[in-house]
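Chemist: need a structure here:
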Amino acid sequence: MNDEILEDVTEGGTVYLFGQDVRELDDTYVRKKALYLDTSFIDAMNRYSFEEFLGLSLKKKVDLEKISERLDDLGILKMLTLGRKTPLSVFSPAEKISLLFFILEQKQPEIILMDCLLDHLDDENLERIIGTFFEMKKDRTFIISTRILQRFLYIADLLVILNDGRINYAGTPRDFVLKM
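Modeler: So this is what the prediction gives:
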């Protein structure tokens, strides 16, 4: 993608996914195992109803009765004032992120890359969503990029700080704080 947008992109090294060079893996396999989310998803969701979004995301019809308890836990059910036809434009960013987390639970990717997705939440909504994050983190790897390092240090197992595409620090958040 960077080659399509930027000129003179250079790369070095190899990216491995499950012990294999990612460039040698089938795209469908990679997309099943790893899922990418960024802030542009939040605005793009406005074009869809709840039903359309579930259909696009999960590629199957979902029985609302079977998932209603989980949707209620995530604060989504109360937003469905028009049932399945409810437009996602009435959802707040936090509610849309909760819906994205629901989709992640259903799709069960092993690796989730979140590009600044949580940066725009206020503290109250972040705290609610972080609870869901901790539940999901047990059996998945999350890679979170952020511009607000201090807000996310406590949830990280590994911290990698990049500057101009180069690694400036790689280690535990605890060690990073102790070195400050």
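Chemist: pLDDT score for residue 175?
Modeler: For residue 175, the pLDDT comes out at 95.
Chemist: Does the residue nearest the centre of the chain belong to a helix, a strand or coil?
Modeler: The centre of the chain sits closest to residue 114, judged by C-alpha atoms, centre = their mean, with a distance of 3.9 Å. Assigned with DSSP: H, G, I helix; E, B strand; the rest coil, residue 114 falls in the strand class.
Chemist: Check what contacts stretch 129-143 and list those residues.
Modeler: Stretch 129-143 is contacted from outside by 74, 94, 97-98, 101, 104-105, 108-114, 118, 121, 155, using C-beta atoms under 8 Å, 6 or more residues apart in numbering. C-betas here are computed from N, CA, C, even on glycine.
Chemist: State the distance from residue 25 to residue 161.
Modeler: Per C-beta to C-beta, to the nearest Å, residue 25 is found 28 Å from residue 161.
Chemist: which of those two has more neighbours?
Modeler: Taking other C-beta atoms under 10 Å, residue 25 and residue 161 do not tie; residue 25 has more neighbours (15 against 12).
Chemist: residue ranges of the helices in this structure, please?
Modeler: 2-5, 27-33, 40-44, 50-58, 64-73, 93-107, 123-137, 149-152, 173-179 (DSSP state H).
Chemist: who does the last one touch, helix- and strand-wise?
Modeler: For helix 173-179, the packing partners by 3 or more C-beta pairs under 8 Å, 6 or more residues apart in numbering; DSSP states H and E come out as strand 159-163.
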